[in-house]
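Chemist: here's my sequence, what's the structure:
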Amino acid sequence: MLRRYLFLTLIPALLCGQDLWENPVRKLLKEGKPVIAGTVTTASVDVAAQMANMGFDLIWIEMEHSPITLETARSMILATRGLKAMPFVRIPVNELWTAKRALDMGAIGVIFPFTSTPELAKQAAAATKYPPEGKRGFAAGLPSFRWPSPEGYPVFANRNVMTIVIVEEERALANLDAIASTPGIDVLFIGTSDLSQSLGVSGQMNHPKMKDALSKILAAGKKYNLPVGRPAGTPELIKQYLAEGFQFIQGPSDLVMLGNGAKSLLDVMGKSGIDPKSRPLY
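Modeler: Down below sits the predicted model:
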């Protein structure tokens, strides 16, 4: 009882007037400024730590389309301490338990794939908040080791953890208003490759169906004051998308950037690897 009294009375009093830390990704988006993620797909803590201090606002730890395990993701998240980029995790599937694992590893943002219905949007929002705001299970030991905070981790987490939902199916377009208006959603992100496939125009980003879908998602973001994001792999595309109103950019993966960086050096010497179009690697 005494401990509860101290927590409920003395701690809030001590924190009164104190500037509390705010997730810089959330802050930038709230100010109308763009953010960019560096995508980590290789199971290397060194790569994640290097990317976390290159200048990216966040690292996108890819657990849907990569072999990164929970243990490796945890080490990556710990390796971001003191560096610029915030650790976000794309979980394999929109479920309470998958989000819980990412959050208890210390992720400060969770990216939910295939969030195509109002029910899935509500589930995503609930998964990232402790009660009474959500349904996150309580086990704050590991995440509080990454995020020590004067107000206590649960209060800190409910203020700072971000919920990003991915629109990447045709059926999601019919549910845009319900998805975007869900309390607790912070960003609408467009999975352009999957969305184009769902619309039957795989990879055709300039197809009228894709253009119409992108316009509808941008309009929903504007209507409900939500930043909208999409992948971008080149400086030219980033400039174009920012001009179109996108705020949350997923940059290229570690392997793509490695290839691009190496190519610029090797081209000078006329060297290249095996072209799989002319010689299959199997």
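Chemist: in stretch 187-206, what counts as buried?
Modeler: Using 16 or more other CB atoms under 10 Å as the burial criterion, the residues of stretch 187-206 that qualify are 187, 188, 189, 190, 191, 192, 194, 195, 196, 198, 199, 201. (C-beta placed from N, C-alpha, C; glycine too.)
Chemist: neighbours around the closest residue to the fifth one other than its chain neighbours, how many?
Modeler: Spatial nearest neighbour of residue 191, chain neighbours left out: residue 168 (3.0 Å); criterion: CB to CB, 6 or more residues apart in numbering. Neighbourhood size, residue 168 [other CB atoms under 10 Å]: 20.
Chemist: next: residue 113.
Modeler: A total of 24 residues lie near residue 113 under the criterion other CB under 10 Å.
Chemist: and the end-to-end length of stretch 175-195?
Modeler: End-to-end distance of stretch 175-195 (CA to CA, to the nearest Å): 14 Å.
Chemist: gap between it and the chain center?
Modeler: Its chain's average C-alpha position is 13 Å from that of stretch 175-195, according to CA atoms, centre = their mean, to the nearest Å.
Chemist: mean confidence for that stretch?
Modeler: Across stretch 175-195, pLDDT averages out at 98.
Chemist: now do the SS call for the nearest residue to residue 207 once chain neighbours are set aside.
Modeler: Distances taken as CB to CB, 6+ apart place residue 201 nearest to residue 207, at 4.1 Å, with adjacent residues excluded. Here residue 201 is recorded as coil under DSSP: H, G, I helix; E, B strand; the rest coil.
Chemist: packing partners for the host helix or strand of residue 60?
Modeler: Per DSSP states H and E: residue 60 is located in strand 58-62. Using 3 or more CB pairs under 8 Å, 6 or more residues apart in numbering; DSSP states H and E, the elements in contact with strand 58-62 are strand 35-40, helix 45-52, helix 70-79, strand 86-90.
Chemist: go with 6 Å
Modeler: Under the contact definition 3 or more CB pairs under 6 Å, 6 or more residues apart in numbering; DSSP states H and E, strand 58-62 sits against strand 35-40, helix 45-52, strand 86-90.
Chemist: can those go into CSV with extra columns for mean pLDDT?
Modeler: Shown next, in CSV, are those (pLDDT from 0 to 100):
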stretch, mean pLDDT
strand 35-40, 98
helix 45-52, 98
strand 86-90, 98
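Chemist: closest one to residue 20 among these?
Modeler: strand 86-90 (15.9 Å; CB to CB).
Chemist: what's the burial count for residue 177?
Modeler: 12.
Chemist: how about it: what's its closest non-neighbour residue?
Modeler: residue 220 (6.5 Å).
Chemist: you'd agree that neighbour is in a strand?
Modeler: No - looking at residue 220 with three-state DSSP, it is helix, so not inside a strand.
Chemist: circling back: quick one, what contacts the residue nearest to residue 191?
Modeler: Residue 168 makes contacts with 114, 191, 194, 195, as judged by CB atoms under 6 Å, 6 or more residues apart in numbering.
Chemist: roughly how far does the second one sit from residue 274?
Modeler: According to CB to CB, to the nearest Å, residue 191 and residue 274 sit 31 Å apart.
Chemist: now swap in the third one and tell me
Modeler: If you measure residue 194 against residue 274 using CB to CB, the figure is 30 Å.
Chemist: circling back: any chance of the helices and strands packed on strand 58-62 in a markdown table, plus distance to residue 257 and mean neighbour count?
Modeler: A markdown table is the format used below for these (distance: least, CB to CB, whole Å; neighbours: other CB atoms under 10 Å):
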| stretch | distance to residue 257 | mean neighbour count |
| --- | --- | --- |
| strand 35-40 | 8 | 25 |
| helix 45-52 | 8 | 20 |
| strand 86-90 | 18 | 26 |
